[in-house]
Each structure stands twice: as structure tokens, then as C-alpha cells.
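> need coordinates for the following:
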Amino acid sequence: HGISSALSNVEGFDPCPLQWSCGCPWSYQGYDYTTVQIGEQCWFAENLKASSFLNGESIPVATEESPLHTMGESGKVAYEYDESLVDTWGWIYNGFVVVDSRGICPFGWSVPTDDDIKALELEMGMTSVQVDESGWRGDEEGYALKSISEEFPNWNGSNSSGFAAVPSGVHFDDFSGIQESFHVWCLDGLGWNSDNYYRALSSGGGIYRGTHNIADGHSIRCLRDSE
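Residues are numbered from 1 along each chain as shown. Here you go, the predicted model:
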């Protein structure tokens, strides 16, 4: 630690190659993800762009002929079927991917549970009563999670958390919400086989908590497993 702390004062010193810690990039499937420490948690600060499961098996891509919500199995889709958008917004995954035993997040990381995101919301200042409610909750907490107008992709947040949520949209029976809303899956839900919890952010500062059918499509954020 002494050497590292001394070197950290040297201009241009990068501590990340010596020993990984949260805040350093995490390389996964050819992409370096920004990470951020928020309270006791370490998050990907970007939507997941993984094309295959942890074991290397590819995740099927939905098409206009075989839409995401009709696949009946794990699948992913680019917004409006435009794969050039994935680098910016990440893939949209159906809920089958989230609960697939092959795993979608890197080893040592997981899709967050409903309780994991409650812990994030508490860290943002939401009350213990509010986090257990469904629908829109909170007031300003969502702004702390959203990217700022000066960054790309930009939004109307303060990003004081570093979470950098972006308005990447959603897929039900069609696409909607790009540049307007952020939807992210939880690992668990009400009626394990049919509905999973998710969170959503929109133009305001509240955070939406509800469940969606496992066939629907949301973004995924990975959370570092607690040691």
C-alpha cells in the first residue's frame, strides 16, 4: 500500500494494472466496463453488452420475424434491431437471460436482486418505507443515478452516484423509451417463473419498482459479489 499510495501522487500513474479495485475497468467479452463504488456495492457503470453466456454459448438474437417477447427462451435484441446501437446503449435482454443457469455477468459478478437495488436506493437517500413500495417512489434519488447532460449518452441527471444510467429504452411487444427511460432487470420477482422485478427511471427524479413478464426486454447491470 505504501508504494501504491506514493506512486499515486506521481502524474500519470495508473493504479489499476497493479491490483484491481472498484473504479478500475473490468474487461469482459472484449469490452472494458467502467465500474463504480456506491456505498458497500461495486457496480458496472454501463449497460451490459455481452453476446454470450459465461460458458461461451451464444445468446440468440431476436429478429423481426422472431421478436424478443415471442422467443420463449433466453434472447437479446438491439434497439430497433440496429446492432450499431449496442455500443452506446447495450443489449436489451429478456428475463429468461437473467435467470439462465449459464450466467450472464462475469465470474464474481451477478445480476442484482430486488434487495440489492433497494440497498442502492437507500444509499441514494430513499427511506426504508419507500424502498418497499411499488410504483414510482422517491423524489430526487433518480437524478443521482442518471447521466448528466454534458456526457454521451446524455440525460438530465446529476450522476452524483457515478451509476450513469442512460435512457436505453425497453422492449415489450415493441420498442419504446430510447432517450426517455431506463429499465433494468432484477434477478428475482413475484412468481419466479413469470414475473421479475425491475427498476425504471424516466424524466423525473423518482425510481419505479414493479414486475414485468419474463418475456419482456430490459437492460442489465452487473453487481460485484460481496466477498
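> going by C-alpha atoms from here, please, whenever you check contacts or count neighbours.
Will do.
> who's in contact with the top helix by length along the chain?
In the chain, taking DSSP state H as the definition, the longest helix is helix 114-123. Contacts to helix 114-123, defined as C-alpha atoms under 8 Å, 6 or more residues apart in numbering, come from residues 38-39, 41, 128, 131-132, 141, 186-189, 197-198.
> how about that helix: buried residues?
By neighbour count on 16 or more other C-alpha atoms under 10 Å, the buried set for helix 114-123 is 114, 117-123.
> what does stretch 81-88 give?
Buried residues in stretch 81-88 (16+ other C-alpha under 10 Å): residue 86.
> phi and psi next, for residue 77.
phi -150, psi 150 (degrees, to the nearest 10).
> check what pLDDT it gets.
pLDDT, residue 77: 97.
> contact partners for it?
By C-alpha under 8 Å, 6+ apart, the residues touching residue 77 are 61-63, 68, 91-93.
> how does it look with 7 Å?
Counting by C-alpha atoms under 7 Å, 6 or more residues apart in numbering, residue 77 touches 61-62, 68, 91-93.
> cool, and residue 23?
34-37 are the contacts of residue 23 under C-alpha under 7 Å, 6+ apart.
> go on, residue 27?
residue 33.
> relative to residue 186, how far out is it?
Distance, residue 27 to residue 186, by C-alpha to C-alpha, to the nearest Å: 22 Å.
> before we move on, what about residue 95?
From residue 95 to residue 186 the distance is 9 Å (C-alpha to C-alpha).
> with neighbour numbers in mind, choose between the two.
residue 95 (33 against 25; other C-alpha atoms under 10 Å).
> okay, the nearest residue to the more buried one once chain neighbours are set aside: pLDDT?
Once flanking residues are discounted, residue 95 sits nearest to residue 214: 4.2 Å by C-alpha to C-alpha, 6 or more residues apart in numbering. Note on residue 214: pLDDT of 90.
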